[in-house]
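J.: coords please:
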Amino acid sequence: VLSVFQHEADVFEITDFTTASEWERFVSRVEEVLNDWKLTESSGDFTTGSWEEESKEIHFADFKFLITHYFLKKELKNDDEQEKQLFSLLESKITSPLLIRSMQDLLCMQNDFPPRAHCLVRWYGLQEFVVITPATNSEAIISESKCNLLLSSVSISLSNSGCQVPVFVQIQQKWRRIYAGECQGPGVRTDFEIVHLRRVPSQYNHLSGLLDIFKSKIGCNMLPLPPVDIAIRFTYILQDWQQYSWPQQPPDFDALLGGEVGGVEIGKLPFGACEESISELHLAATWPHVTEGLVVDNDVYSDLDPLQAPHWSVRVRMAENPQCLLGDYLTEFFRLCCRKDSVEDVLGKGLTEEEGKDTSDISSALSKLTEPAAPVPISRLSVSSMVHSARKRIHRRRHIHESPLSNEVLNSILLYLFPDAAVEKSDTCGDRFVSLLPLQSLFLQLKSAPPDSLTYRLALCVFLVNYSYGGLAGVAHLWQEFVLELRYRWENTCLVYGLEAGPPDLRCCLLHQKLQMLNCCIERRRARDEARKAQEATKDKHSKEAEPEHSISASSSAKETSQGKSWESWSDSEDEFYECLSEQGEEGPQTEAGHNGASRAEGRLHPYNNLTLLHSSEPLFVPVTQEPAPMTEDQLEEQSEVLAKLGTSAEGTHLRARMQSACLLSDMESFKAANPGCVLEDFVRWYSPRDYVLEEVVDEKGNKVTKGELSTRMKITGNMWVEAWETARVTPARRQKRLFDDTKEAEKVLHYFAMQKPGDVASHLFPCVINAALLKLKQEGEASLNKKFCFFFNAFCLQEFMKQLAGMETAIAQARSLKAKFTFDSEDQNESESDFCVSCRFVSSLLEEPEVEVTGAGQGPAGRIIHRLFLNAQQAALLPSSEDDMGGDKKDFPSPAGREILLRTCVPRPAPYSRALPQRLFCVLMREEFRLAGAFSSDTSFF
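T.: Residues are numbered from 1 along each chain as shown. Reported below is the predicted structural model:
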């Protein structure tokens, strides 16, 4: 039994060495990723283009890593560039035939100080590399044992896969940006090391000390040592813009805006940043190729004067989210669109109604006007008188409760909206806005309103009032006064200023269509009033010319007519039109003669193409007809819904056709009145000539005659035209029921306006606000950038669209700020026009590129401006505090915020008989950072 247990124990103690460990799996996974990315081979062509990256996740036991491949995307070049590239490649292979591409990158001088790239690209000049970093939620690699384990894993993976691309491992905390890496090639190896300190050691605070470090690190025993190639860049930062003007005009405390920054007059949009949009200007003075010994830089003396640097480059750092006026106004206006408060909720019932009796007067004004008989004069029952009495009561109550808008502001806005109100309205009610400037069709694409129309100007006023004059309450107050002004104009037949003539334009917003509808009602009412006055004047003239007894009878009949025919008869079914009344007056004698016949013609306009009636020799006259009723888009939608609800049955189809033939029936009645004895064929010849077919036939005598008949569709059983013709009465247009009841439609429009909430009004006007904002952006953009301005938006929601608008405003504000700083003063007499053009191109480049080279360095036109900027900032910062400081030495530039020194050479390592390989050290010296990034190559064959 003991032997059996001993045998089982021996079996359990067996260790299977064929099972891969976690470390071996990690190494294998790294090799697999490198092979998948095809990094085992390396080509030596240098390209320029954009950086791309690809990533994968790998695991070391439970620890997650992210391996990322960074590479410069190759771009096709023309033949000349390809020839130069091939020549340089052959030359590099002749001088160093066995160098891999990463080592060639270490020596390449074209990749020094790239404007925007990965930090490893800036430090080592690499065009392709791989980085292994801990995943987002993983801990940093801090312990030395873990770092060595990762580096050994990378070394084994590179050796097994034959990859010649450098591989880095990020260690320590991520904010320190410390990487350790390795690159292997045929018989060569490069180790990448980084030193990072918070303070710069005093002995290494200059070029001479850094050269000592570099030479001691490469440990070359050759005498003399090969010369070290040096590239130096000093960066100077300018943050003081106090000597320049404000981005906005100083506030005018005497203006209506009350001293608000960025305030504009009514009708204009605010624009621009309220603060400086350029936070910093970085000047990089570069000495690209300096040989050791030509430059002195130690703790006592330095030859590195930025004014003498051969290359200057500038970049600007923009302020993060600067406050911009147009963007803030748009944001507040969009918030207003989301409000659901009514005017009464905002202003309170005390501001919109006084007492129940007075309120009932306003609400029942229309019903009192439309009663069969008026016991009191019409003028005392008019809506205008009641509205004005209500307005007085409202103003009286507002003296007690402070109104959102002051009288001065309100009068200025109303005068801007209705400029014809500056003089007597009775003299200018017909002098309205007829033609608009032929601007671009942007408002049609946005479905807003034509620029400079009443709707457009109302949108600008609401836009301004919402931000600067009380917000929601101010908008409610303005809208209430606007509606009262519209009712006043309707009651006094004064055309609304700033609207195009004609029916509502369905391409514009609904609010604009409603205003046009109101204007159409006012036009019809004015025409009816003028026709009535003309008729009364004609009757008075005839009564004066008639005999005394006839005069007495005529006057009595006229009196009875005036008593029995109140205003309702003129505004309802007994409506009379101007054209009909004038025609009737012209054909008075003919009408008199027509009493002897069976019928008399009424409502004739003019003969139609010398045609005669088919059943008589009388000429065919074009009748005076009613104009079709104008409709807004909401009325069209409502009508479409009603017609659609009728269904597809025969009865529903017939009823739908009758509802749509109201205008046809009116025209038929007018045609019958103008052409007594006519038939349906006569009407079709005038109304729809295509439905009257003419053909030549041979009569009984053999002569060819032209005979006409109705078309096939007119002969269909149950045709609506035939049914309408049979039901049509002989009634001229002036005695027909009106197709367009202007009184009813005007009251519907005014009621629609009165029921609108401030948020609804803002929603209606929002397309106009966007239209105005885009035009403002275009105007300011072309003025700031001196070139055509186009809009390219890619937004799926309104908030994103507004964010893009705010971004464009910020960009224009930045361009305006740069233009103000890099524009020559009038005192500079030595500046030529070409220098001015160079500065303009320079400003455009600063906005579009991450870093811009200054042509001519400190001696060029842009360089002189930059020098003056730093000089003014230094003079403002180093003001002498006492007379003893007056003799001190003043510098044109401050101390450099950052110094970058690049050292490189080719020396044999590790032994004197080894191959000469590239050695590189990149040094960063800042106030709170000292970094050394070294790449040291060694020969693995001859060591």
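J.: walk me through the domains of this structure.
T.: 23-219+909-913, 604-731 (the TED database).
J.: wait, which of these is closest to Asn407?
T.: domain 604-731 (33.7 Å; C-beta to C-beta). To be clear about C-beta, it is placed using only N, CA and C from the backbone, and glycine gets the same treatment.
J.: for the closest residue in space to Tyr236 that isn't next to it in sequence, give the beta-bridge partners.
T.: Leaving aside its chain neighbours, Tyr236 sits nearest to Leu283 (4.5 Å; criterion: C-beta to C-beta, 6 or more residues apart in numbering). For Leu283, the beta-bridge partners under DSSP bridges are Tyr236, Val314.
J.: surely Leu283 meets Val316?
T.: No - here Leu283 does not reach Val316: they are 10.3 Å apart, not a contact under C-beta atoms under 8 Å.
J.: these two: who's more crowded?
T.: Just comparing Leu283 and Val316: by other C-beta atoms under 10 Å the higher neighbour count belongs to Leu283, 25 against 21.
J.: OK, contacts around the more buried one?
T.: 235-238, 306, 312-314, 866, 870 (C-beta atoms under 8 Å, 6 or more residues apart in numbering).
J.: centroid residue for this structure?
T.: Nearest residue to the geometric centre of the chain (C-alpha atoms, centre = their mean): Leu805, 3.8 Å.
J.: against which helices or strands is the helix or strand hosting that residue packed?
T.: Assigned by DSSP states H and E, Leu805 belongs to helix 798-821. Packing partners of helix 798-821 (3 or more C-beta pairs under 8 Å, 6 or more residues apart in numbering; DSSP states H and E): strand 278-291, strand 311-318, helix 325-337, helix 758-785, helix 833-848.
J.: okay, buried residues for it please.
T.: 802, 805-806, 808-819, 821 (16 or more other C-beta atoms under 10 Å).
J.: with those residues in mind, which one is nearest to Leu694?
T.: Of the buried residues of helix 798-821, the one sitting nearest to Leu694 (C-beta to C-beta) turns out to be Leu805, at 61.8 Å.
J.: now the buried members of the contacts of Leu283.
T.: Using 16+ other C-beta under 10 Å, the buried members of those are 235-236, 238, 306, 312-314, 866, 870.
J.: Thr133: which of the residues you listed is nearest?
T.: Distances from Thr133 to the buried ones among the contacts of Leu283, taken by C-beta to C-beta, are shortest for Thr235, at 27.5 Å.
J.: how about the nearest residue to the closest one, chain neighbours excluded?
T.: Gly898 (4.3 Å).
J.: the one you found against Met926, yeah?
T.: Yes - judged on C-beta under 8 Å, Gly898 makes contact with Met926 at a distance of 4.8 Å.
J.: what's the burial count for the nearest residue to Tyr204 once chain neighbours are set aside?
T.: Nearest residue to Tyr204, sequence neighbours excluded (C-beta to C-beta, 6+ apart): Leu210, at 5.9 Å. By other C-beta under 10 Å, 22 other residues sit near Leu210.
J.: helices or strands up against the longest helix seen in the chain?
T.: Counting by DSSP state H, the longest helix found in the chain is helix 510-545. Here helix 510-545 touches helix 454-468, helix 472-491, helix 548-564, helix 578-586, helix 633-645, helix 742-754, helix 758-785, going by 3+ C-beta pairs under 8 Å, 6+ apart.
J.: go through that helix and flag the buried ones.
T.: 510-528, 531, 535, 543.
J.: related to what we said a few turns ago, so which of the helices and strands packed on helix 510-545 comes closest to Phe930?
T.: helix 758-785 (41.6 Å).
J.: tell me how far the nearest residue to Asp634 once chain neighbours are set aside lies from Glu637.
T.: Leaving aside its chain neighbours, Asp634 sits nearest to Leu510 (6.2 Å; criterion: C-beta to C-beta, 6+ apart). In this view, Leu510 and Glu637 are 10 Å apart by C-beta to C-beta, to the nearest Å.
J.: any common contacting residues for these two?
T.: Counting by C-beta under 8 Å, 6+ apart, nothing touches both Leu510 and Glu637.
J.: and the helix or strand hosting Ser145, what does it pack onto?
T.: Using DSSP H and E, Ser145 sits within helix 144-161. Packing contacts for helix 144-161, counted by 3+ C-beta pairs under 8 Å, 6+ apart, involve helix 22-36, strand 167-171, strand 178-185.
J.: packed most tightly, which of the ones you listed would that be?
T.: Greatest average neighbour count among the helices and strands packed on helix 144-161 goes to strand 167-171 (a mean of 24), per mean count of other C-beta atoms under 10 Å.
J.: point out where the stretch 501-650 of the chain drops to low pLDDT.
T.: Residue ranges of the stretch 501-650 of the chain with pLDDT under 70: 542, 545-599, 650.
J.: and if we set it to 90?
T.: Applying pLDDT under 90 to the stretch 501-650 of the chain flags the ranges 501-508, 523-605, 609-618, 624-650.
J.: what is the burial count for Leu225?
T.: Leu225 has 13 nearby residues by other C-beta under 10 Å.
J.: pLDDT wise, what is the closest residue in space to it that isn't next to it in sequence at?
T.: In this structure, Leu225 finds its nearest non-sequential neighbour in Lys215, 6.8 Å apart by C-beta to C-beta, 6+ apart. Looking at Lys215, its pLDDT stands at 89.
J.: again, but for Phe63
T.: 87.
J.: list the beta-bridge partners for it.
T.: Counting by DSSP bridges, Phe63 is bridged to Phe60.
J.: verify the stated contact: it with Ile141.
T.: No - applying C-beta under 8 Å as the test, Phe63 and Ile141 come out as separate, 9.1 Å apart.
J.: tell me which of the two has more neighbours.
T.: Neighbour comparison, Phe63 and Ile141: the larger count goes to Ile141, with 23 against 15 (by other C-beta under 10 Å).
J.: that's all I had, so thanks and see you.
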